[in-house]
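# coords please:
(chains A and B)
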Amino acid sequence: MKYLVVWMVWLWIGLWPCSMKGASWWVYGKCEWTDIQSAIERAAPCDTVWVNGGVWRVDHPIVIDKPLVVLGKNRPIIDGGGGKGDLLLITADDVELSGFTFRHMGINYVEDVAAVRAESVRNVYIHHNVLENTFFAIYLAHVRGGEVAYNRIVGGAVEENNSGNAIHAWYCSELRIHHNEVQGHRDGIYFEFVDESRIYNNHSHDNLRYGLHFMFSDDDVYYQNTFAHNGAGVAVMFSRRIHMWQNRFMHNWGGASFGLLLKEIYDAQIQGNTFSKNTIGIFVEGSNRIQYRHNLFRANGWAIKMNGGCMDNVITENEFVYNTFDLAIQVANESNSYDRNYWSEYSGYDLDRDGVGDVPYRPVKLFAWVVQQTPEAMILLRSLFIDLLNFSEKVSPVLTPAAVMDHQPLMHPLLQ
Amino acid sequence: MIKILKYTLFDLLRSRSLLFYLAFYLAFTFGLFGLSADIQKVLISMMNVMLILVPLISTMLGVMYYYNSREFTELLLAQPIRRRDIFLGQFMGLSGSMAMALVVGVGLPFVWFGVGTSPFFVQFLILLGSGVVLTFIFCALAFFIALRNEDRIRGFGLAILVWLVFAIVYDGVFLLALALWSDYPLEKFALATSLLNPIDLSRILIMLQLDIAALMGFTGAVFKKFLGTALGSAVAVGVLVLWVLGPLAAIHAVAARKDF
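Next up is the predicted model:
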C-alpha cells in the first residue's frame, strides 16, 4: 500500500508537468499585486499564483493563458456583479484552479456564459471551488483529460429557458467529474459529445430538468452518484456503451418525472442502482441490448415503462418492491427477457424449495395494459372495479401479453 | 324531529351495531398505524377501505334499520307528528350517528398519531368529509329503497344492487366507454362521468390531494385543474349535496303519499 502511494505520487508529479517546479506569486488586496490578471501575466508558466481572500469584482473575464496553478487562500470571492460575461477563462493546458468562490452572474440570453470556462485545452483541474448564482457554472468545451472535483455549485434557477447547467461539457473526452454537489440549475451535469469519461460520487439535486444529461456521448461510466428531487433524475439519449452502476435515483416525483430516461441507447449496462419513489423508475424508448441487473425498484409509480422499439434487453436479478406498476410496455412481442427477478407482488409457490417460484409471474398488470391503451382510464386507479379486474386476470390471464413473463421468479429478495 | 332523532340514536346504541361499527374503524385504523407510521400510506389504505365499506354498510344498516323499526314507525305515525319529521328524524339519527362513529373511529387514531401537525391534515379532512357525505348519501338511498319496498328480501336485494352499481358496475361501464371511444379526447367525458358517481368523485377528490396524483398523468392534470378552481370545487360539493338532497326529497315524496 505504501509503495503504491509513493508510486502514485511520482506518477502524478511526472504527469503534471508544472507541479512543484515553479515559483509562487502572491496576490493580496493591498500587497504585491492588487489584481489577479496582472499577477497571471507576470507569472511564468508552471508558477503558482496564490490569491489571498478578498472580493474581486470582475468586469472582464480573468484569462489564464499559460500553464499555472491558481489557488485561492481564505476563499477569495470572484464577483461578477450581475454582469453578462464569463468570469474566468482557461485557454492553456495544465491549469489547476482551486479554492475560489464565484458568485453573482447575470442571465445571458444570447451566449452561454460561465463562471469558469475552459476551451480547447488539455488537463484542466478544477477543484474545491464554490459557485453561487452563476449562469453556467463550469463550462468545458473541447477539453481533453480534465478533472472537476469537490466543487459546490448552487444556483437559483427558476425557469428552464433562462437558466444554465451546473457542469457543462461539450466535445470533451477523458473527463473525470466527481464529488461535486450541484443544485438549482437547469441540468446538474450535462454531457454532449463527451466520450470515455467518468462521473462518480456526485450529488445532484433540485435541478429543474435533469440531474445528469447525456447527449451523443459514448463509452462513459457513471457510478455511486445520487440524483434526488430533480425534474427528472438522469437522461441518457443517443449514446452507446454507457455503464451506470450503484447510483441512487430518488424522489424524482411529478407529472412528467422519471428516475432514468433511456432514449436510443445501445449496449448499456445498468447495475446495482436504487430507484426509489420516482413517478417512473426507468422510462425506456428505442433502446437495445441493455442489461438490467441487481437493481432495486422500490415504491415507484412505474418501475420500468417501456415504449416501442426496445429489443434484446435482459432484465434479470432485480428486485421490484411495492411499485404501483412493476412494468408497463407498449409492444408485447419484443425479444426482451424478464427472467429471475424478485417481485413483491408474486404470490406463487415453490414446492421443491429451490428458491425459484414454480408458477411464472406476469409483471404487466391488466390495468397497466389498459392504461397503456387508454390513458384516461388512469382516473380509475385504486377503484374496487380495477382491483377485481387485476385479481381475475391474475387468476386466469387472458389479456395481458403472454410474451412478457418471468419464467423463474425468485422467492426471496436478493439484495437486502 | 329532534326527539325522534334521539330515540333513534338510543335505539341504535342498544342494538350495538353502531358500537361494533365504531370499534371496527378504531381497531382497523390503529392496526394500520401499527403496520406503518407513514400517515400518507395509512391515508391511502383508509381511503381504499372507506370507499368500499362506508357505502356498503350505510346501505345495509339503513335498510335493516328501517325494517326493524317498522312497528315503532307505525306507532309514531299514529301520533300527531308530521310524517316528514318522523322519517327525517330517523334518517338523521341513523346517518348522523354512523357519521359520528366514522369520524371518531377513523379520526381518533389519526389525531393520536399526529395528523394535526403533519402536512396531510387537509387530505385527512377531505377523507373524513367524503366519508361523512357518503354515509348520508347511501343511508338516504337505503331509506328510499326500504320505503318503496314492503318486501324485505326485495328491499335488501335492491340495496345491494345499488351499492354494486355505484361501487363496481359504474366503473366497469365507464372503462368500457373509455376503451370504445379511445380515439376521441375523453377528458371532459371522464370528468363529467366521474362527477356523477359519488364514490368515484370522493376517490378522485382524495387522490388528487395525495402524491399519487402524479401517476394520473394528463387526465389527472385536467381533473386537478378543474377541481382546483372555485367553480370546480363548487360543482363537486354541489354534486355531493345533490346526492344527499335528491334521495331525501324522494323519501319525502314517497312517505307523504304512502299508505301504511
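
# Test my guess that B:Phe136 contacts B:Leu102.
No. Assessed by CB atoms under 8 Å, B:Phe136 is found out of contact with B:Leu102, at 10.8 Å. Bear in mind the C-beta positions are built from the backbone N, C-alpha and C, glycine included.

# Not counting sequence-adjacent ones, nearest residue to B:Phe156?
B:Val63 (5.8 Å; CB to CB, 6 or more residues apart in numbering or on different chains).

# Pull out the buried residues from the helix or strand that the one you found is a member of.
Secondary structure from DSSP states H and E places B:Val63 in helix B:39-68. For helix B:39-68, burial by neighbour count (16 or more other CB atoms under 10 Å in any protein chain shown) applies to B:39, B:41-47, B:49-67.

# interface residues of chain A facing chain B?
Counting by CB under 8 Å from any CB of the partner chain, chain A comes close to chain B at A:253-255, A:257, A:279, A:301-302, A:324, A:370, A:373-386, A:388.

# Spit out the contact partners of whichever residue of the stretch 51-200 of chain A sits closest to chain B.
Residue of the stretch 51-200 of chain A nearest chain B, by CB to the nearest CB: A:Glu160 (18.4 Å). Going by CB atoms under 8 Å, 6 or more residues apart in numbering or on different chains, A:Glu160 touches A:186, A:208-209.

# Show me the helices in chain B, by range?
B:2-15, B:17-35, B:39-68, B:70-77, B:83-112, B:121-148, B:152-164, B:170-180, B:187-196, B:198-209, B:217-228, B:230-257 (DSSP state H).

# export those helices to TSV and tack on distance to A:His213?
Listed next are the helices of chain B as TSV, based on distance: least, CB to CB, whole Å:
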stretch	distance to A:His213
helix B:2-15	63
helix B:17-35	40
helix B:39-68	31
helix B:70-77	72
helix B:83-112	42
helix B:121-148	34
helix B:152-164	51
helix B:170-180	36
helix B:187-196	31
helix B:198-209	31
helix B:217-228	23
helix B:230-257	37
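
# Tell me which of these sits nearest to A:His412.
helix B:17-35 (21.1 Å; CB to CB).

# Send over the closest one as CSV, restricted to the C-alpha atoms.
C-alpha atoms of helix B:17-35 as CSV (Å, rounded to 0.1, in the frame of the first residue of the first chain):
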residue,chain,number,x,y,z
SER,B,17,-74.3,-2.5,15.7
LEU,B,18,-73.1,1.1,15.8
LEU,B,19,-70.6,0.3,18.6
PHE,B,20,-69.4,-2.5,16.5
TYR,B,21,-69.0,-0.2,13.5
LEU,B,22,-67.1,2.3,15.6
ALA,B,23,-64.9,-0.4,17.2
PHE,B,24,-64.1,-1.8,13.7
TYR,B,25,-62.8,1.5,12.5
LEU,B,26,-60.8,2.2,15.6
ALA,B,27,-59.2,-1.2,15.5
PHE,B,28,-58.6,-1.1,11.8
THR,B,29,-57.0,2.4,11.8
PHE,B,30,-54.9,1.7,14.8
GLY,B,31,-53.8,-1.5,13.2
LEU,B,32,-52.8,0.3,10.0
PHE,B,33,-50.8,2.7,12.1
GLY,B,34,-49.2,-0.2,13.8
LEU,B,35,-48.1,-1.5,10.4
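
# Other residues contacting it?
Contacts for helix B:17-35 (CB under 8 Å, 6+ apart): B:12-13, B:42, B:45-46, B:49, B:57, B:61, B:64, B:97-98, B:101-102, B:104-106, B:108-110, B:112-113.

# can you tell me the average pLDDT over it?
Averaging pLDDT along helix B:17-35 yields 92.

# Check which residues of that helix are buried.
In helix B:17-35, counting by 16+ other CB under 10 Å, buried: B:17-18, B:21-22, B:25-26, B:28-29, B:32-33.

# try stretch A:399-407
Buried residues in stretch A:399-407 (16+ other CB under 10 Å): A:400, A:404-406.

# Could you name whichever residue is most remote from the centre of chain B?
B:Asp183 (34.2 Å; CA atoms, centre = their mean).

# so how far is A:Ile379 from that residue?
Using CB to CB, to the nearest Å, B:Asp183 is found at 18 Å from A:Ile379.

# Report the closest residue of the stretch 301-416 of chain A relative to chain B.
Closest point on the stretch 301-416 of chain A to chain B, by CB to the nearest CB, is A:Phe385, at 3.6 Å.

# ok, the closest residue to that residue other than its chain neighbours - contacts?
In this structure, A:Phe385 finds its nearest non-sequential neighbour in B:Asp171, 3.6 Å apart by CB to CB, 6+ apart. By CB under 8 Å, 6+ apart, the contact list for B:Asp171 reads A:380, A:383-386, B:197, B:200.

# Which of these ranks first by neighbour count?
Within the contacts of B:Asp171, most neighbours by other CB atoms under 10 Å in any protein chain shown means A:Ser383, with 28 neighbours.

# Nearest residue to B:Ile81 in space, please, no chain neighbours.
In space, B:Ile81 is closest to B:Ile4, 7.6 Å off (CB to CB, 6+ apart).

# Confirm for me that B:Ser97 is in contact with B:Asp11.
No. Between B:Ser97 and B:Asp11 there is no contact under CB under 8 Å: 9.9 Å.

# out of the two, which sits in the busier spot?
Applying other CB under 10 Å to B:Ser97 and B:Asp11 shows that B:Ser97 carries more neighbours, namely 22 against 18.

# What's the per-residue pLDDT of that one here?
pLDDT for B:Ser97: 90.

# And it, how close does it get to B:Met64?
14 Å.

# With A:Gly348 instead?
Counting by CB to CB, the gap from A:Gly348 to B:Met64 is 41 Å.

# do B:Gly232 as well
In this view, B:Gly232 and B:Met64 are 37 Å apart by CB to CB.

# dump the residue contacts of the residue positioned nearest the centre of chain A.
By CA atoms, centre = their mean, chain A has its centre lying nearest to A:Leu212, at 3.0 Å. Neighbouring residues of A:Leu212 by CB under 8 Å, 6+ apart: A:187-191, A:199, A:202, A:204, A:222, A:225, A:227, A:233-235.

# now with 6 Å?
Contact partners of A:Leu212, counting by CB atoms under 6 Å, 6 or more residues apart in numbering or on different chains, are A:188-189, A:234.

# any idea which helix or strand carries it?
Judged by DSSP H and E, A:Leu212 forms part of strand A:210-215.

# how about the residues of the stretch 51-200 of chain B that lie near chain A?
Contact residues, the stretch 51-200 of chain B versus chain A (CB under 6 Å from any CB of the partner chain): B:52, B:167-168, B:171-172, B:175, B:178-179, B:182, B:186, B:190.

# Which of those ranks first by neighbour count?
In terms of neighbours by other CB under 10 Å, these top out with B:Asp171 at 26 neighbours.

# Check the gap between A:Gln269 and chain B for me.
Separation of A:Gln269 from chain B (CB to the nearest CB, to the nearest Å): 28 Å.
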